[in-house]
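**Student:** Next input, structure requested:
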Amino acid sequence: TVRWRNIRLADFGSHNWSRLWDGETMNGWKLLGDGKAEIEAGAIHLTNVKSERKHGLLYFDRELGDATVRLKFKCVAGNSGFYVRSELRPEHPVGIAGFQAEIDPIDNVGGLYETLGRAWVVPTGLNSEMEFLRANAWNEMTVSAHGRRLVVHVNGVRTAELKNDPGRLKGFLAMQVHGGQDVDVWFKDIEILKK
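**Tutor:** Predicted coordinates:
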C-alpha cells in the first residue's frame with residue numbers, strides 16, 4: 001500500500017543553459033602548459049604526445065563559485081578530466097590544483113580526483129563495468145558544485161558525490177591534456193546552468 005499526502009508545488013523560477021564555449025573560437029578559453037587545442041568539426045580537440053611530460057590545460061578565463069556545468073566528451077586515448085573550483089599553478093608540471101571529474105577510456109570515468117591534494121576521493125572503477133558509458137563515442141557529463149557538495153553524472157547516471165567537502169568554494173574550470181601520454185580527447189556543447 002502506498003499513500004501520499006501534503007503534496008505541494010513550488011516555483012523556483014526559470015533555469016536556462018548558457019553556452020560557456022561558443023562552438024567556433026577559443027574566446028574565453030586559454031591554453032596553459034603542453035599539448036594542443038584545436039577546433040575541429042564543431043568540437044575542441046585536445047591532443048598530446050608521450051614525449052611531452054608537462055600537462056596541458058584549456059581553462060575558462062574567469063573563476064566561478066557555485067555552478068552546474070554540462071558538456072559532451074569523447075575520449076579516444078589517454079587520460080583527461082574536467083576541473084572545477086581549481087587553482088592554476090603554472091609553475092608546477094601539472095599546472096593546476098583541485099577537483100577533476102575523470103575522463104579516461106579505461107577506468108574511473110566520472111570519478112573525482114583531487115590533483116595536488118587527496119588524489120582519488122571517489123574512484124569509480126573499470127569502465128568496462130559501466131553499462132551507461134559509450135566507448136569511443138560522445139558522452140554527456142554534468143558536474144555540479146554547490147556549497148560543500150559536488151556531484152558528477154555521466155549519461156544521466158550519478159558516478160560521484162561528495163557532501164560537506166572542505167575544499168575550495170570557487171576556482172577555474174579546465175579541460176586536462178595529461179602529460180607523458182598519447183592523448184586524444186574531444187569536448188563540445190559546454191554549458192552552464194543559469195537561474
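
**Student:** mind checking the SS state of the residue positioned nearest the centre of the chain?
**Tutor:** In the chain, the centroid-proximal residue (CA atoms, centre = their mean) is Phe82; its distance is 2.4 Å. Under DSSP: H, G, I helix; E, B strand; the rest coil, the three-state class of Phe82 is strand.

**Student:** what about the closest residue in space to it that isn't next to it in sequence, neighbour count?
**Tutor:** Spatial nearest neighbour of Phe82, chain neighbours left out: Ala101 (4.8 Å); criterion: CB to CB, 6 or more residues apart in numbering. Where C-beta positions appear, they are placed from N, C-alpha and C, glycine not excepted. Ala101 has 29 neighbouring residues, counting by other CB atoms under 10 Å.

**Student:** residues in contact with Ala101?
**Tutor:** By CB atoms under 8 Å, 6 or more residues apart in numbering, the contact list for Ala101 reads 81-82, 84, 110-112, 141, 143, 152, 160.

**Student:** What about those residues, which are in helices?
**Tutor:** Of the contacts of Ala101, none are assigned to helices by DSSP state H.

**Student:** ok, the residues you listed vs Val183, which is closest?
**Tutor:** Distance to Val183 across the contacts of Ala101 (CB to CB) is lowest for Gly81, with 11.1 Å.

**Student:** Looks like that closest one contacts Gln100 (just checking).
**Tutor:** Yes: here Gly81 reaches Gln100: they are 3.3 Å apart, a contact under CB atoms under 8 Å.

**Student:** Please compute how far stretch 97-115 lies from its chain's middle.
**Tutor:** The chain centre lies 8 Å from the centre of stretch 97-115; the measure is CA atoms, centre = their mean, to the nearest Å.

**Student:** what about the chain, any weak spots by pLDDT?
**Tutor:** Within the chain, the stretches with pLDDT under 70 are 11-13, 195.

**Student:** Please repeat the previous calculation with a cut-off of 90.
**Tutor:** Scanning the chain for pLDDT under 90 picks out the ranges 4-15, 194-195.

**Student:** So what sits opposite Phe187 in the bridge?
**Tutor:** For Phe187, the beta-bridge partners are Ile44, Phe73 (DSSP bridges).

**Student:** residues in contact with it?
**Tutor:** The contact partners of Phe187, by CB under 8 Å, 6+ apart, come to 21, 43-44, 46, 71-73, 175.

**Student:** where's it relative to Arg149, distance?
**Tutor:** Using CB to CB, to the nearest Å, we find Phe187 at a distance of 24 Å from Arg149.
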